[in-house]
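Chemist: Build the 3D model from these lines:
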Amino acid sequence: MPETAPLRERYGTRYTANAVLATVVLTLGWVWFTAHLRPHISTIIFGGFSVVAFVAMIVPVAGVFFDKNALLAGFIGWLKSPKWTPVLLVLLPLIVFAFATTFTLYFVQADGTPEVRMSVTRGPTPLPVQLTTAEKVRAVSYFFALRPVTVRIDPILPTGFEPSVLTLRRGIPLQLTVPNAFKAKDYHLLRLVPLYNLVSLRGRREPDARYVVRVFLPGRAQPIERRGLTFNAIYLGARMDELQSQSKSARAADAGLRDTLRSLDESMSENDIKTFLSAWLDTPEFIPTRELKPGETVRVVLESPAGKTETAVKIAGAVNDGYLEGGGE
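Modeler: Coordinates of the predicted model:
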C-alpha cells in the first residue's frame, strides 16, 4: 500500500483512533505537567538542573542501547491493540479533571531587585516564598481544589507594599512580577524633632535618661513609653523595618524643618541649617507602632527635669513633623 495512503487504510481504524486519543492525552498531560508540576519537581529533585535538560540528556543516551526501529514497531503495535482504547478513554477525563482542580501562581523576580520575600496564605498556614538572584522564579500550586482558590499575598521584603488578594484561574497559571505587581503602600509617618530648649542635647551620643517620651495613639489606652532622649529625630507610624526604610526617603522631606529653623532665627545661614538637619536626620531613631491614618491626632508628652510639655500632631501628609520642647540644659 502506498506510503501516502491515509493512516486508517495503512494501519486500521483501531490504530487511528488510538493514535488520536494518545496524541490528545499526551499533549494535555504534558501541558498540565509543564504548567503545574514540573516547577516543583525541578526544584525538589533536580535543583537548578531542569527536567527538560535531564530528558534532553537521557534521550540520546537511551538511543545507544535501544533499537529505534524496534521501539517504533512496538509503539505501532501498541496503538493497534484494542486493550489500550479504554485506558486512553479513562485517562482523558482524568487529565481534564486535573486541569479543572489545579491552580498555580508563578512569582517572577523583577529586574534590579536582589531579593523578594513574601508569605502566601490560603487557609490557616502561610507559605513563605523567597526569590533571589539564584532562583528568580517560584511556583505555588494547589491540587485537587474543587472550589475557587483565593490567596492573600503579604510582601515582606522589600518593604513598602500593600497586601494583595488574588483569585487564581483553573488550569491556567497566573504570573506575577514582584514586587512590581504590588501596590505601593501609603505611609503617614510622624517625625518628632527636639528643638527649642533641647538644643543643648545636640552632639550627645548617649540618651539623656532624665527625659521620658510618651506617645498616645488614638484607640490605644496606654501610651508607648521611651526613656532617654538624644537630638536625633524619632520616627513612628509603621513597623521597625518599614520605618528604617522609609526614613531614608523621608530624609529629603525637610522643607518644613527648614522653614521652622528660619522662623526661629532669620539670620541662620544655609550651612547652619544643614548642620541642624544633619544632626536630626542622619542617624534617626524609631518607635515601631501601628500605621497612622490621615485625620488622626497623636499626642506626645515629654517629661524633663523642668516638667512636662505636650505636643499634638494631626496626621495629614506622608511625613508629619512634631517638635519636642523640654528642659534641656
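
Chemist: need the contact list for Val178.
Modeler: Val178 makes contact with 107-110, 113, 116, 118, 131, 155, according to CB atoms under 8 Å, 6 or more residues apart in numbering. Every residue, glycine included, has its C-beta placed from N, CA and C.

Chemist: Can you pick out the most distant pair from these?
Modeler: Maximum pairwise distance in these, criterion CB to CB, is 14.5 Å, between Val108 and Pro155.

Chemist: now do the same end-to-end measure for stretch 287-307.
Modeler: 23 Å (CA to CA, to the nearest Å).

Chemist: And the helix or strand Thr27 falls within, what does it pack against?
Modeler: In this structure, Thr27 sits in helix 13-32 according to DSSP states H and E. If contacts are counted by 3 or more CB pairs under 8 Å, 6 or more residues apart in numbering; DSSP states H and E, helix 13-32 sits against helix 7-11, helix 68-80, helix 84-100.

Chemist: Just list what the last one packs against, helices and strands only.
Modeler: For helix 84-100, the packing partners by 3+ CB pairs under 8 Å, 6+ apart come out as helix 13-32.

Chemist: Which strands or helices does the helix or strand following the helix it packs on pack on?
Modeler: Downstream of helix 13-32, the first helix or strand assigned by DSSP H and E is helix 38-41. Applying 3+ CB pairs under 8 Å, 6+ apart, we find helix 38-41 packed against strand 137-142.

Chemist: what mean pLDDT would you report for the strand it packs on?
Modeler: Strand 137-142 comes out with an average pLDDT of 95.

Chemist: Show me where the stretch 51-200 of the chain has its strands.
Modeler: Ranges of strands in the stretch 51-200 of the chain, per DSSP state E, counting those that start in this stretch, are 103-109, 115-121, 126-132, 137-142, 150-157, 164-167, 174-178, 189-194.

Chemist: Could you say which of those is packed most deeply?
Modeler: Ranked by mean neighbour count, the strands of the stretch 51-200 of the chain are led by strand 189-194 with a mean of 25 (mean count of other CB atoms under 10 Å).

Chemist: any idea of the pLDDT on Gly74?
Modeler: 60.

Chemist: Pro163 too?
Modeler: We have a pLDDT of 94 for Pro163.

Chemist: Just to check, it is in contact with Pro155?
Modeler: Yes. Counting by CB atoms under 8 Å, Pro155 is a contact partner of Pro163 at 7.1 Å.

Chemist: in the stretch 201-329 of the chain, which segments are predicted with low confidence?
Modeler: Applying pLDDT under 70 to the stretch 201-329 of the chain picks out residues 327-329.

Chemist: Which strand residues bridge Leu176?
Modeler: Phe107 (DSSP bridges).

Chemist: Tell me who's in contact with it.
Modeler: Counting by CB under 8 Å, 6+ apart, Leu176 touches 105-108, 153, 166.

Chemist: got JSON lines for those residues, with pLDDT too?
Modeler: Listed next are those as JSON lines, based on pLDDT from 0 to 100:
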{"residue": "Leu105", "pLDDT": "97"}
{"residue": "Tyr106", "pLDDT": "96"}
{"residue": "Phe107", "pLDDT": "96"}
{"residue": "Val108", "pLDDT": "96"}
{"residue": "Ile153", "pLDDT": "97"}
{"residue": "Leu166", "pLDDT": "96"}
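
Chemist: Closest to Ser245 out of these?
Modeler: Lowest distance from Ser245 to the contacts of Leu176 (CB to CB) belongs to Ile153, with 18.9 Å.

Chemist: beta partners of Leu127?
Modeler: Val120.

Chemist: cool, Asn320 as well?
Modeler: Residues in a beta bridge with Asn320, per DSSP bridges, are Leu190.

Chemist: Enumerate every residue touching it.
Modeler: By CB under 8 Å, 6+ apart, Asn320 lies in contact with 188-191, 313-314.

Chemist: and the gap between it and Tyr187?
Modeler: Asn320 sits 10 Å away from Tyr187, going by CB to CB, to the nearest Å.

Chemist: what's across from Thr311 in the sheet?
Modeler: With DSSP bridges as the rule, Thr311 is bridged to Val300.

Chemist: and the angle from the helix holding Thr27 to helix 84-100?
Modeler: 20 degrees (axes from the mean of the first three to the mean of the last three CA atoms, to 10 degrees).

Chemist: what separates the most centrally placed residue in the chain from Glu242, distance-wise?
Modeler: Centroid-nearest residue in the chain: Pro155, 3.3 Å away (criterion: CA atoms, centre = their mean). Between Pro155 and Glu242 the computed distance is 11 Å (CB to CB).

Chemist: show me what contacts the closest residue to Ala312 other than its chain neighbours?
Modeler: Nearest residue to Ala312, sequence neighbours excluded (CB to CB, 6 or more residues apart in numbering): Arg299, at 5.2 Å. Taking CB under 8 Å, 6+ apart, we find Arg299 in contact with 215-216, 310-312.
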